[in-house]
Structure formats: structure tokens, C-alpha cells
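> Need coordinates for the following:
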Amino acid sequence: MVEITVKLPDGQGIAVPEGSVVRDVAAAIGPRLAASALAEDALDALDSYLEKAYMSGMPFVRIIHGKGTGRLRQVIGEALRASPHVRKYEMGGEKEGGDGVTVAHLRED
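The predicted structure is shown next:
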């Protein structure tokens, strides 16, 4: 699959499959976030990402944090528990990245 990068109003770029129709910024965020950064920076990105995903009506998202020491996974889990947009979350399946990925299921209100 070929991906192109779409620039968002905040200057960030996101990859979407070539030929996709991007109807609005929220729909362009995609179903996953790579959170391989310092915990504080990752939490800021996660909060913004969850808000956009929730507002666009996405049923779930995948947060890629890597395996490492597990500290980032722990911090992300705490943030997901506190998020008003998250119904539940779980580690990714074997084919999704296992312990290096967290799948967050969003509320449908």
C-alpha cells in the first residue's frame, strides 16, 4: 500500500493511503498513534489524539509505544483510565504488536 502525507493545520503530517478522500482533519488522524517519545510528550500527543479520534467517531485506536522497560506503557495505561473518551483498553494481539501496542476502545456517546 502506498501512503501519502497530509499536513494538518497544526503543522503535523500524517500518512494516509494514496487515493483516500480526507473529509476533515479528525477523519485524517488514522487508527494508530506512535508514542515513542518521552512520557510527558507522549501524554500530550495522546490526549490530543484521543480527542480527535473520539470526535471523528472512531470505535478504537491503537497506540504504539514499544516494549522497552514498560514505563511508557504504564503511563499510557494510566492516561487511558483517566480519559473520558475511553471505554476500555487492552494490550494488542500477537499480530498487532503484542505488549508494544495498546488498543483503546472509545465511547460511543
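> quick one, phi/psi of residue 72?
Here is the backbone geometry of residue 72 (degrees, to the nearest 10): phi -60, psi -40.
> Repeat that for residue 87.
According to degrees, to the nearest 10, residue 87 has phi -80, psi -50.
> contacting residues for it?
Shown in contact with residue 87 (CB atoms under 8 Å, 6 or more residues apart in numbering): 105-108. Every C-beta, even on glycine, is put in place using the N, C-alpha and C of the backbone.
> now the residues you listed as a markdown table including secondary structure, distance to residue 45 and pLDDT?
Shown next, in a markdown table, are the contacts of residue 87 (DSSP: H, G, I helix; E, B strand; the rest coil; distance: CB to CB, whole Å; pLDDT from 0 to 100):
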| residue | secondary structure | distance to residue 45 | pLDDT |
| --- | --- | --- | --- |
| 105 | strand | 19 | 96 |
| 106 | strand | 16 | 95 |
| 107 | coil | 20 | 95 |
| 108 | coil | 23 | 90 |
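> can you redo those residues as CSV with neighbour count and distance to residue 41?
As requested, these are exported to CSV (neighbours: other CB atoms under 10 Å; distance: CB to CB, whole Å):
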residue, neighbour count, distance to residue 41
105, 15, 24
106, 21, 22
107, 12, 25
108, 8, 29
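> possible to save those as a markdown table with distance to residue 49?
Formatted as a markdown table, the contacts of residue 87 follow (distance: CB to CB, whole Å):
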| residue | distance to residue 49 |
| --- | --- |
| 105 | 15 |
| 106 | 11 |
| 107 | 15 |
| 108 | 18 |
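> what's the domain layout of the protein?
What automatic domain parsing lists as the domains of the chain is 1-28, 31-106.
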